[in-house]
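[1] based on what follows, work out the 3D shape:
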Amino acid sequence: MNASCDVPVVLTSDSPERTIEIGRSLGAALQGGEVIYLIGPLGSGKTHLIQGIARGAGVEETTAVISPTFVLVNEYFARTLGLELYHIDAYRLNSPAEFEQLGFDDLCRPDAVVLIEWADRVLSVLQNVPAIRVELSHEGPTQRTLVLKNISPAIRAALTR
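    Presented below is the predicted three-dimensional model:
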């Protein structure tokens, strides 16, 4: 992963479509090897952002990108970037140890991107993993704020065009 910048990028979305658009920009700028933590309350746009990331990275439009709440991990192939995308949902995990049993370490490869919804539930086992951190919050019925931290210059440029 490229060197990151300590200055967060703060974006506002006024609709699910805009959140997906932000995700598309982020996804298109991925290089492989990234881990992305998504943190935010229910309904803050985590899954919409991941749908956009997947599309921007080249996951086919015909592939359903949904939260793996019950299966815990979904895998997608991003043809454009030639990467595997692993979408983990930590919401239903009972402990950080359960997260470790998913084989997280095996998913972190240069030819893959790992996206973790509800990452705040397993941060204790992720403390030493360099990652992009996306914090989403409600600002109104449809408005969301997205704060992106630890992003590369290429991702910063893609998000601030």
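[2] confidence-wise, which helix or strand of the protein is lowest on average?
    Sorting the helices and strands of the chain by mean pLDDT, DSSP states H and E puts helix 96-101 at the bottom, at a mean of 86.
[3] roughly how far apart are residue 19 and residue 161?
    17 Å (Cβ to Cβ, to the nearest Å). Bear in mind the C-beta positions are built from the backbone N, C-alpha and C, glycine included.
[4] repeat for residue 7
    Counting by Cβ to Cβ, the gap from residue 7 to residue 161 is 17 Å.
[5] between these two, which one's more packed in?
    Each of residue 7 and residue 161 has its neighbours counted (other Cβ atoms under 10 Å); residue 7 has more, 9 against 6.
[6] any chance you could map the helices in this structure?
    Counting by DSSP state H, the chain has helices at residues 16-28, 46-57, 96-101, 104-107, 123-126, 153-159.
[7] how about the last one: buried residues?
    For helix 153-159, a neighbour-count test (16 or more other Cβ atoms under 10 Å) marks 155, 156, 158, 159 as buried.
[8] just give me the closest of those to residue 44.
    Nearest to residue 44 among those: residue 159, at 17.7 Å, using Cβ to Cβ.
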